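Novice: here is my input; please provide its structure:
(2 chains)
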Amino acid sequence: MSHEAVLHGHDSHGHDEHGHHEHHDTFLTKYVFSQDHKMIAKQFLITGMVWAVLGGLMSVLFRLQLGYPDASFPWLESLLGKWAKGGQITPEAYYALVTTHGTVLVFFVLTAGLSGTFANFLIPLQVGARDMASPFMNMLSYWFFFTASVIMLSSLFVETGPFSGGWTAYPPLSALHDASPGSKTGMDLWIISMALFVVSSLLGGLNYIATILNMRTKGMSMTRLPLTIWALFFTAVLGVLSFPVLLSGMILLIFDRNFGTSFYLSDIYVNGVGALSNEGGSAILFQHLFWFLGHPEVYIILLPAMGMVSEIMSVNSRKPIFGYMAMLGSLFAIAILAFLVWAHHMFVTGLNPFLGSVFVLLTLLIAVPSAIKVFNWLTTLWRGNIRFTPGMLFAIGFVSLFISGGLTGIWLGNAALDIYLHDSYFVVAHFHIVMGVASMFGMFAGVYHWFPKMYGRYLNNSLGYIHFWVTIAGAYLIFWPMHYQGLAGMPRRYFDFSIWESFKQFAELNRFISTVAMIVFATQILFLINFFYSIFKGRKVTVLNPWEANTLEWTTPINPGHGNWPGEIPEVHRWPYDYGKDGHDFIPQTTPVGADETGTH
Amino acid sequence: MSLILSVAIIVFIFVVIFQIAKASEYVSILKGEEASRQQNNKINGFLMIAFLVLGFVGIYVCNKAYYGKTQLAQGAASIQGEKVDQMLFVTLIITGIVFVITQVLLFWFAYKYQEDKNRKVFFFAHSTKLELIWTAIPAIALTILVVFGLRNWFFFTGEPPKNANVIEVTGKQFGWIFRYPGKDAIFGKKYYKNIDPATNAVGIIWDDKYAQDDIQTEQTMYVVKGQPVKLIIGSRDVIHDVGLTHFRLKMDAVPGIPTTMWFTPIYTTKEMREKTGNPNFAYEISCDQMCGNGHYSMKGVIEVVDQEEYDLWLAKQKPQYFTAFPDKDPSAVPVKADSTVKATAAKM
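Specialist: This next block holds a predicted model:
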């Protein structure tokens, strides 16, 4: 179908052609180079899942080292070869695993996998559009991501190993080939992969923004948008404004690495090489450029989860989301503040103390909109009529984790405490709970909730319940005790703690954490089995609107074709949260406002 | 063999769980959607409240097991550290209260308002009053924390007292170099191209008149109890970080950009050994910024001693200049010509 016809989808002629033209699709255009936003969403989701498994497996491997630093596992040597000589992971391999785990989970899983999937899937369906503003660009966005993935994957197989200087890639470590074996070819591939990834994010983000602003169906004013769409909108804006800064930082890094410039380098003497000629650069400059993306990135990861949780929570509480405008305002506030707090990652770099104090103030300010969101979610549950679907469980789990991890942010955002806790396990616990696991929960909630729309089948409920309860219990068992390790000053990114008088007292705890990590990882496999089994063999969806939700995606056929609605795109008459209003369990957005209805929001 | 066995067991468990889950799905179809939803709601509602209760039990158990192993139990070893600890407790109390209230409400509401056919949902879309309340309360609580935090922050990052000892700390892959200014209390200038790993690890410019009495040590730094000490921190290769857990401070070591940090130790190493009951206690300097494959082993030690012991130690130290040029050392036996040649060669 031509772009023209997508834009003018209300023209029923063009659109009929569209709904029935699947026989024109070859395997290649339908499943590979698809321009259907729903298929692209699934491509993002499944690629993201592959990365999640790889990234999770990496964490299991390095947790093995942390939990059993003295043990030897012969099978590790068969798996990793020279990276696990004698059955024990080498420091090089350990750092490579930690670095790749971080990079992959932050960018490939929780950015591409999360907002790539749900922005693509939900934006056209929930705003009432036939597809994205530019389906072709959307396809490119996926294939740039795919190429980035392949390059990142190939970096695991180069002789000197993948990059191993931490996902933040601070120079000079990342800039000097001789500072670490991982900083040789592995780092070049890492940068190229990230650069392509940025391109993918930008193509996607521009598309999301354009679609939300221009392609809403009749009656869908901005304040009638579901909160998912608002969250995805702010996410896209954050990405479009901050990813280019990362790209520029990376380009300067390439120049420093390979063409002899000195943007980040000065006064360096490398063991075994001697003094370098670079002078006058600033290693801190990279950190500013990196965190100018890096902090918004945290919200790029978190906001889609927040949006989906708001939607799922309202649907399953059978009650409107409390404080729609406040939710929207707090999303906006978080998006603005996201750009003004990056240097709180740099309190101990020798930052000007006055500048530091400004960043303390702005950082702690984020707690206000965050608190508003939490209280609004709580009030949404209050006096509702809650259905515990697996999606709803993960949404509740998200709120619990967001509270736990958000509150420790108040500790770390205060420079005078950060000066003690920075780069300790306290930080590891904090960001894994609030950004890692919480967003993962948002993603799971989304998958469980929209799986029937994606594949026309249900996921198995019981497996979903097991998945949820083991994962939330496991997440707390893994990360809660890490706060104590952090309060003992235990630094992150240590291969082995046994030589440290101050940190070695946690050997037993490390073993415990590693064991739980493996169990939780195994439980995710259970989810994967459920996911792929249900795509083909799951219980079929027989009703249009299985969750009895108000939003537009549930007005499409059970298996919508390219173009989403076979007839005209429905018109919207109300906001999406009329649950329990005037004695009606739910009133879809497409229902006109009745004459005797009480006032809307 | 054991690997194959454990994989087989895991696969077996998966198959069992999967079959049970499939069976329960058939059962729920037979029972009808309504009835099975009701049952699921009941089970999960109960689990919500069970999770809440077990969670708090877990927090108690965890605290009992591990609080004693944290630095907080041991107590801070610097005046800065005492302020940090005090602030940690205030922050803990404020965030702890919020944590308990919100988690209890979350799981309690989830349990209490599980689906009930007879309940009429309360259509409650917004309330300006409530929203103002939970905007204002966090704002006030945070203001307290910010004011408290910034007072400490400006104290930590401010100028040290005039009588502070100054020591230069240089990180390298993977170890620490310490330099004392010597009798003149002024550091000789340095330039990284002068670095020679054997005799001039930080690249001192020997022609500088202040350089010749500078004392240099590796791995162990001596400081005086009760006397403020200011560290001038740098790195000669990648970014490192001087992590002083017991003093509750840390500061990055950045090549090309010196940073500073000061603190006043309040217990000697010996006193800390008694206080903690650990005869091996040491004030360890941990590198807290990823710096390469040896990052985890980049350890330094600070010996906190009293003034008397410090003076004794200092008297025994020889300026680095004499290590680089043994022939200039007045205390040394007159050197043979060839070693002079060596030193000069090394310098070049």
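Novice: how about the strands in the stretch 51-200 of chain A?
Specialist: Secondary structure of the stretch 51-200 of chain A (DSSP state E, counting those that start in this stretch): no strands located.
Novice: return the residues of it in contact with chain B.
Specialist: A:75, A:91-92, A:95, A:164-166, A:168, A:170-173, A:176, A:179-181 (CB under 8 Å from any CB of the partner chain). Just so you know, the C-beta spots here come from the backbone N, C-alpha and C atoms, and that holds for glycine as well.
Novice: filter those residues down to the buried ones.
Specialist: For those, a burial check counting by 16 or more other CB atoms under 10 Å in any protein chain shown picks out A:91-92, A:95, A:164-166, A:168, A:170-173, A:176, A:179-181.
Novice: and those residues, which two are furthest apart?
Specialist: A:Pro91 and A:Pro171 (20.4 Å; CB to CB).
Novice: where does the residue lying closest to A:Val240 once chain neighbours are set aside sit: helix, strand or coil?
Specialist: With sequence-adjacent residues excluded and distances taken as CB to CB, 6 or more residues apart in numbering or on different chains, A:Val240 is closest to A:Gly205, at 4.3 Å. Classification of A:Gly205 using DSSP: H, G, I helix; E, B strand; the rest coil returns helix.
Novice: for A:Gly205, what are its contacts?
Specialist: With contact taken as CB atoms under 8 Å, 6 or more residues apart in numbering or on different chains, A:Gly205 is in contact with A:235-237, A:239-240, A:243.
Novice: partner strands of the helix or strand where B:Arg179 lies, parallel or antiparallel?
Specialist: Using DSSP states H and E, B:Arg179 sits in strand B:175-180. Next to strand B:175-180 in the sheet, as set by DSSP bridges, lie strand B:165-172 (antiparallel), strand B:215-218 (antiparallel).
Novice: average pLDDT across that strand?
Specialist: Averaging pLDDT along strand B:175-180 yields 95.
Novice: what's in contact with that strand?
Specialist: With CB under 8 Å, 6+ apart, strand B:175-180 has contacts from B:167-171, B:187, B:201-202, B:204, B:214-221, B:242, B:285, B:298, B:300, B:314, B:317, B:320.
Novice: let me have the strands paired with strand B:175-180 in CSV, extended by mean neighbour count and mean pLDDT.
Specialist: Converted to CSV, the strands paired with strand B:175-180 look like this (neighbours: other CB atoms under 10 Å in any protein chain shown; pLDDT from 0 to 100):
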stretch, mean neighbour count, mean pLDDT
strand B:165-172, 23, 96
strand B:215-218, 18, 94
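Novice: any stretches of chain B with poor pLDDT?
Specialist: Across chain B, the ranges flagged by pLDDT under 70 are B:1, B:332-348.
Novice: hmm, back to that, in the residues of the stretch 51-200 of chain A next to chain B, which has the lowest confidence score?
Specialist: Lowest in pLDDT among those is A:Trp75, which has 87.
Novice: any idea where the helices of the stretch 301-450 of chain A begin and end?
Specialist: All helices of the stretch 301-450 of chain A, identified by DSSP state H, counting those that start in this stretch, fall at A:324-338, A:353-365, A:367-381, A:390-412, A:415-421, A:425-431, A:438-455.
Novice: so for B:Thr269, which of the ones you listed sits nearest?
Specialist: For the helices of the stretch 301-450 of chain A, proximity to B:Thr269 was assessed by CB to CB; helix A:415-421 is nearest, at 20.1 Å.
Novice: how far does the closest one sit from the chain's center?
Specialist: In terms of CA atoms, centre = their mean, to the nearest Å, the centre of helix A:415-421 is found 27 Å from the chain centre.
Novice: then stretch A:334-346?
Specialist: The chain centroid and the centroid of stretch A:334-346 are separated by 18 Å, computed with CA atoms, centre = their mean.
Novice: next one: stretch B:202-217
Specialist: Distance, stretch centre to chain centre, for stretch B:202-217: 32 Å (CA atoms, centre = their mean).
Novice: for it, measure first residue to last.
Specialist: Stretch B:202-217 has an end-to-end distance of 11 Å (CA to CA, to the nearest Å).
Novice: of the contacts of A:Gly205, which belong to strands?
Specialist: Counting by DSSP state E, the contacts of A:Gly205 place none of their members in strands.
Novice: quick one: which of those residues has the most company?
Specialist: Among those, the one with the most neighbours (other CB atoms under 10 Å in any protein chain shown) is A:Thr235, at 30 neighbours.
Novice: which pLDDT value goes with the nearest residue in space to that one that is not next to it in sequence?
Specialist: Once flanking residues are discounted, A:Thr235 sits nearest to A:Leu303: 4.6 Å by CB to CB, 6+ apart. pLDDT for A:Leu303: 96.
Novice: pull the contacting residues for A:Leu303.
Specialist: Residues counted as contacts of A:Leu303 (CB under 8 Å, 6+ apart) are A:231-232, A:234-235, A:238, A:331, A:334-335.
Novice: for A:His584, same thing?
Specialist: A:His584 makes contact with A:Asp578, according to CB under 8 Å, 6+ apart.
Novice: ok, the one 10 residues further on next?
Specialist: If a contact means CB under 8 Å, 6+ apart, then A:Gly594 has no contacts.
Novice: next one: B:Lys189
Specialist: B:204-205, B:208, B:210-211.
Novice: for it, give its distance to B:Gly226.
Specialist: B:Lys189 is 31 Å from B:Gly226, where distance means CB to CB, to the nearest Å.
Novice: do B:Asp196 as well
Specialist: For B:Asp196, the distance to B:Gly226 - CB to CB - is 37 Å.
Novice: which of these two has more residues huddled nearby?
Specialist: Remark: of B:Asp196 and B:Gly226, B:Asp196 carries more neighbours, 17 against 14, as counted by other CB under 10 Å.
Novice: ok, now how distant is the residue nearest the centre of chain A from chain B?
Specialist: In chain A, the centroid-proximal residue (CA atoms, centre = their mean) is A:Leu110; its distance is 2.1 Å. To chain B, A:Leu110 is 21 Å away according to CB to the nearest CB, to the nearest Å.
Novice: my guess is that residue meets A:Ser439, correct?
Specialist: Yes. The pair A:Leu110 / A:Ser439 is scored as a contact, 5.1 Å apart, by CB atoms under 8 Å.
Novice: hey, what's in contact with both of those two?
Specialist: By CB under 8 Å, 6+ apart, the residues touching both A:Leu110 and A:Ser439 are A:Ile301.
Novice: and the residue of the stretch 351-500 of chain A nearest chain B?
Specialist: Using CB to the nearest CB, A:Gly489 is the residue of the stretch 351-500 of chain A that sits closest to chain B, at 3.0 Å.
Novice: what sits against that residue?
Specialist: Contacts of A:Gly489 by CB under 8 Å, 6+ apart are A:420, A:424, A:502-503, B:71, B:243, B:245-246, B:286.
Novice: would you list the residues you listed in CSV and tack on neighbour count?
Specialist: Shown next, in CSV, are the contacts of A:Gly489 (neighbours: other CB atoms under 10 Å in any protein chain shown):
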residue, neighbour count
A:Tyr420, 30
A:Ser424, 29
A:Ser502, 22
A:Phe503, 23
B:Gln71, 23
B:Gly243, 26
B:Thr245, 27
B:His246, 26
B:Ser286, 25
